[in-house]
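Student: Here is my input; please provide its structure:
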Amino acid sequence: MQKLYGSQACPLTRVIQGVSTSWDPSIASIRLPGGIKDAIWSPCSRFIAISLFTPCEIAILDAVTLEQIHTMHSSQKLIWEKLMFSPDGHLLTGYSWDPKCLVIWDVQTGGPINNISTSWHPGLMSYSGCGTMLGVLSDRGTITTYNTISGTQLSSHSVPKPITGTIWTCGECLQFATVESGSITIWEVSFSSSYGPTQIGSLPLPTSDDLSYGHVFLPAHSWIAFILQERVVVWDAQHEKYLLNSEDVNNPRILFFSPDGCFFICGTWGPEIHLWKESPDGYQKLLSNIGGNNLVFSPNGESFISYGGPMLQLWYTTSSIPSPPGISTQASQHIEDFLLEFSPDESLVAVAQWLGNTATVLNIRTGNPLLVIDTDTKICGMRITESTTIVVGDGKIVTWDLPAEDCTFNIRRNISDSVQTTMLEHSAPNRRLYASISPDLNHIAFGDTVSSKAEDLTIYDMHTGKLLAATGSDGYLPGFTPGGHKVWCATHGEVDQWAIIKDNGSNVTRLESLGKAEEPLSGFPWHSSCGYQVTDDGWILSSSGKWLLWLPHHWRSMDTDRRWSGKSLAIWHSGLLEPVILELGV
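Tutor: Okay, here's the model as predicted:
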């Protein structure tokens, strides 16, 4: 029966027991709470410079361990939009938006050499081969050059548009490419000359369509990559042939070549990144879904970093990088958030996609599905006890009994198998809500994801479906303390807290505000009752501080996408095809 029908069970989650204490050593990761604005490799590929939102500074990281080894400050608290190393790695240039200025530092001493005020926002920068001159492409369509030692302006020239998204140095000249009328035009301008850009070459394109979005040019090979009608294309202009023409990418956004062209990456508007490697037949796909919103290849092409928000990850292109379990290597549609609840005795777990209609109950000890329920409702909340599964959605509460024992057949249920349905008073079935059922099964709390309603947090009586109280809240993820007498509503940053007060005389229930906090009162599900914790760089620590497990990048998530129950840790986020439950005590 298991062989015949097991694939139809669709458990939607996995339980992993006895996990290894180490993972692919080719991946390193750090979390910087202040957020990363820009990142750049040193020419020797040994260091990475990053600009931080908070504090407003530039940090130099070791490119193997990502350990912070140096910090550069300025006299003002500035946010550095763009960074660029000189060819010998001795100088580092940063651009600030407010006030608009270029600052050049000596990397060895960390001290500023020049502070150059500007009236424009730069798009791209490139040093001369000797490192004594710097060319900057501004948002006004001009290339301005400076002497890096004296800080004086050397020249300023208007440039043709549109540029392919990069400028580069050839000897003591700047070069760039423009795309229009089915061809690529190569231009050159001297760092110090008063003469404007001159055309030095032209290459064919496979299409006359507008390529003003997403294209990037690799001058060493005369290759151009661009996004055309949701296709990702790499064109060899010198030999007039396609190296890649792929429709296997959802919502492509940004394109990158490694400096030698051996690797090519496409980032998307979602959580996916696609990596290809050069082959005799063109680029061949290596992997997908490695995460991050921005990418930078190392000059030697052996590594790249991906970063977005507070996270920075290091990847080695020279190593085999397997796709972690639960990560699709195929293009997939955006996956909604998950709902996950442990039973009080921590032996069972109930899982569903948020606003999906299927709930799955698994035995944590065996990893086998106990029930797969077609609920006939858009699930926004669940609770599982030792004997029942309770689902909330579409303005109703529906309850199913659990089987008396763990079995691997006849596990399907639907609405006709439910044992109780309670309709909610004054509910709004079409609103996108998150719901939480109190541990004592007396109340249901709803949080509104829109956060624009006057009554974002509502409390219902579990038994009658009656609306008991409502109040405004900045959060959308509701929860209860273990006794069920206090409720909180959280976003990723703050938590609003209330006490549930019932007036026995008037039989009226109200919510009394307990204020805001970084964490709610006791019963916080994102913290382990056994003292386990997850560090910012992805390590799971025991209560004694022992390092137990380094989580792969794909399994890392925000606190609100994790749930602890004893020695079990559940992890989910929109980039995973399924939640993962780690039994750390096994």
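Student: which residue sits farthest out from the middle of the chain?
Tutor: Distance from the C-alpha centroid of the chain, by C-alpha atoms, centre = their mean, peaks at residue 505 (51.0 Å).
Student: Assumed it was part of a strand.
Tutor: No: counting by DSSP: H, G, I helix; E, B strand; the rest coil, residue 505 is not part of a strand but coil.
Student: quick one, phi psi at it?
Tutor: phi -70, psi -50 (degrees, to the nearest 10).
Student: domain ranges for the chain?
Tutor: The record's domain split for the chain, according to automatic domain parsing, is 24-117, 121-204, 212-323, 333-529, 530-586.
Student: okay if I get those domains as JSON lines plus mean pLDDT?
Tutor: Shown next, in JSON lines, are those (pLDDT from 0 to 100):
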{"stretch": "domain 24-117", "mean pLDDT": "82"}
{"stretch": "domain 121-204", "mean pLDDT": "89"}
{"stretch": "domain 212-323", "mean pLDDT": "82"}
{"stretch": "domain 333-529", "mean pLDDT": "85"}
{"stretch": "domain 530-586", "mean pLDDT": "79"}
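Student: quick one, phi psi at the closest residue to residue 301 other than its chain neighbours?
Tutor: Excluding its sequence neighbours, the residue lying closest to residue 301 (C-beta to C-beta, 6 or more residues apart in numbering) is residue 258, at 4.0 Å. The way it works is simple: take the backbone N, C-alpha and C, and place the C-beta from them, glycine included. Main-chain torsions, residue 258, degrees, to the nearest 10: phi -70, psi 160.
Student: Which residues are in contact with residue 258?
Tutor: Remark: with contacts taken as C-beta atoms under 8 Å, 6 or more residues apart in numbering, residue 258 is in contact with 264, 297, 301, 304, 317.
Student: and the first one, what element?
Tutor: For residue 264, the host element (DSSP states H and E) is strand 263-268.
Student: residues in contact with that strand?
Tutor: 225, 232, 234, 244, 249-258, 273-278, 283, 292-295, 297, 301, 304, 317.
Student: Go again with 6 Å.
Tutor: 232, 249, 251-257, 273-277, 283, 295, 317 (C-beta atoms under 6 Å, 6 or more residues apart in numbering).
Student: Same question for stretch 506-520.
Tutor: Taking C-beta under 6 Å, 6+ apart as the rule, stretch 506-520 contacts 468-469, 471, 488, 494-499, 501-502.
Student: One more: stretch 415-424?
Tutor: 376, 395-401, 460, 465.
Student: at 7 Å what do you get?
Tutor: 375-376, 395-401, 460, 465 (C-beta atoms under 7 Å, 6 or more residues apart in numbering).
Student: repeat for stretch 40-59
Tutor: Residues contacting stretch 40-59 (C-beta under 7 Å, 6+ apart): 32, 34-39, 60-63, 68, 71-73, 77-80, 83-85, 87-89, 92, 94, 296, 298-300, 302-303, 305, 312.
Student: Just the ones in strands from those, please.
Tutor: 36-39, 60-62, 68, 71-72, 80, 83-85, 92, 94, 296, 303, 305, 312 (DSSP state E).
Student: Show me just the buried residues among those residues.
Tutor: 36-39, 60-61, 72, 80, 83-85, 92, 94, 296, 303, 305, 312 (16 or more other C-beta atoms under 10 Å).
Student: so after the helix or strand harbouring residue 381, what's the next helix or strand?
Tutor: Per DSSP H and E: residue 381 is located in strand 379-384. Next helix or strand after strand 379-384 toward the C-terminus (DSSP H and E): strand 388-393.
Student: now the angle from that next one to strand 379-384?
Tutor: Computed with axes from the mean of the first three to the mean of the last three C-alpha atoms, to 10 degrees, the direction of strand 388-393 lies at 160 degrees from that of strand 379-384.
Student: Following the chain onward from strand 388-393, which element is next?
Tutor: strand 396-401.
Student: quick one, helices of the stretch 1-150 of the chain?
Tutor: 2-5 (DSSP state H, counting those that start in this stretch).
Student: Can you point out the buried residues in stretch 53-69?
Tutor: So for stretch 53-69, counting by 16+ other C-beta under 10 Å, buried means 53, 56-61, 63, 66.
Student: Against residue 83, how distant is residue 114?
Tutor: 15 Å (C-beta to C-beta, to the nearest Å).
Student: closest to residue 191 among the buried residues of stretch 53-69?
Tutor: residue 58 (24.9 Å; C-beta to C-beta).
Student: which residues are contacting the helix or strand residue 243 falls within?
Tutor: Under DSSP H and E, the secondary-structure element containing residue 243 is strand 241-246. If you take C-beta under 7 Å, 6+ apart as the criterion, strand 241-246 is touched by 223, 231-236, 264, 276, 282-283.
Student: what's residue 416 sitting at in phi/psi?
Tutor: phi -70, psi -20.
Student: how many other residues sit next to it?
Tutor: Residue 416: 7 surrounding residues under other C-beta atoms under 10 Å.
Student: With residue 364 instead?
Tutor: With other C-beta under 10 Å as criterion, residue 364 counts 20.
Student: List the buried residues in the next helix or strand after the strand holding residue 264.
Tutor: Using DSSP H and E, the helix or strand that follows strand 263-268 in sequence is strand 273-279. Applying a neighbour-count criterion of 16+ other C-beta under 10 Å, one finds 273-276, 278 buried in strand 273-279.
Student: Dump those to a markdown table, plus distance to residue 577.
Tutor: Below are the buried residues of strand 273-279 laid out as a markdown table (distance: C-beta to C-beta, whole Å):
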| residue | distance to residue 577 |
| --- | --- |
| 273 | 16 |
| 274 | 16 |
| 275 | 19 |
| 276 | 22 |
| 278 | 29 |
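Student: out of everything not next to it in sequence, what's closest to residue 485?
Tutor: residue 500 (5.6 Å).
Student: That neighbour: what's it in contact with?
Tutor: Contacts of residue 500 by C-beta under 7 Å, 6+ apart are 443, 459, 485-487, 509, 511.
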